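All I have is the shape, not the residue letters:
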């Protein structure tokens, strides 16, 4: 099936793929945790081709969270960027035991600075040719890279938590997306550690951002344990409330209509 999909990409018969971007309103809100589990869950539910790319080039953690020891990172593609096509790109991807194909961030922080927006978009375009779903993990701040990824994504999941900096940044992010004319129906808000008692309620957050929270992920010690083990919680603890909430997001995504 992988070879068929590469051929389709090379021949230009691109199957309609969907890009799902995960953005966090600040560091530590659970963005990479969601990206990893979403990609693995999409693979499990859809039985289609799922790729996961880490565009947090300086501090990306996806390889660690999947307990992968990849031969290549996105940095290794730079010398071949002019000749890059979907077949070449496929040879740089690492396949996880779940079946998802992964393009991790560089392990050496200094190498992340050599990747520009044009390169990122070319890699994403080719990744779309060999994938039905492309899950894009991002950094937690706005940059040219992030805005270009937003402009060219189908669905956007913004993950936040119950603290005032996260909520303030969420409100700003939603305003920026409105200026970009991004369809509201294709933006989903995920509240992580939703049951933590910190003096802010879910209803107060919804009042502040003037929209509903789509998915609430509860606090659970299985989350840091799964991260430390490099075992996605959706596979490791499939019946947990955390997994159920991620499956709710997967259902929303697989049933969503593309509006762009």
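Good, I have the coordinates. Only a predicted model underlies this, so the values are computations on that prediction, with no experimental measurement involved.

Helices of the stretch 101-250 of the chain, residue ranges please.
117-129, 144-151, 164-179, 202-209, 222-229, 233-236, 241-255 (DSSP state H, counting those that start in this stretch).

and among those, the most buried is which?
Mean neighbours per residue, mean count of other C-beta atoms under 10 Å, is largest over the helices of the stretch 101-250 of the chain for helix 233-236, with a mean of 20. For glycine as for every other residue, the C-beta is placed from the backbone atoms N, C-alpha and C.

which other residues reach that helix?
33, 37, 40-41, 44, 98, 222-223, 226, 229, 240, 242-243, 246-247 (C-beta atoms under 8 Å, 6 or more residues apart in numbering).

Next, count neighbours for residue 97.
When counting by other C-beta atoms under 10 Å, one arrives at 11 neighbours for residue 97.

right, and residue 121 touches residue 151 too?
No - under the criterion of C-beta atoms under 8 Å, residue 121 is not in contact with residue 151, lying 9.5 Å apart.

re the thing from before, quick one: which of the helices of the stretch 101-250 of the chain has the weakest pLDDT on average?
Among the helices of the stretch 101-250 of the chain, helix 144-151 carries the lowest mean pLDDT, a mean of 88.

what residue ranges in this structure score low on pLDDT?
Applying pLDDT under 70 to the chain picks out residues 1-15, 109-113, 258-260.

so where do the strands sit in the stretch 51-200 of the chain?
Remark: strands assigned in the stretch 51-200 of the chain by DSSP state E, counting those that start in this stretch are 94-95, 101-103, 133-137, 155-160, 187-192.

want to throw those strands into a markdown table with mean neighbour count and distance to residue 256?
As requested, the strands of the stretch 51-200 of the chain are exported to a markdown table (neighbours: other C-beta atoms under 10 Å; distance: least, C-beta to C-beta, whole Å):
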| stretch | mean neighbour count | distance to residue 256 |
| --- | --- | --- |
| strand 94-95 | 15 | 26 |
| strand 101-103 | 24 | 22 |
| strand 133-137 | 27 | 12 |
| strand 155-160 | 24 | 6 |
| strand 187-192 | 23 | 9 |
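
any chance of these in a markdown table, plus distance to residue 23?
Shown next, in a markdown table, are the strands of the stretch 51-200 of the chain (distance: least, C-beta to C-beta, whole Å):
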| stretch | distance to residue 23 |
| --- | --- |
| strand 94-95 | 23 |
| strand 101-103 | 18 |
| strand 133-137 | 9 |
| strand 155-160 | 5 |
| strand 187-192 | 10 |
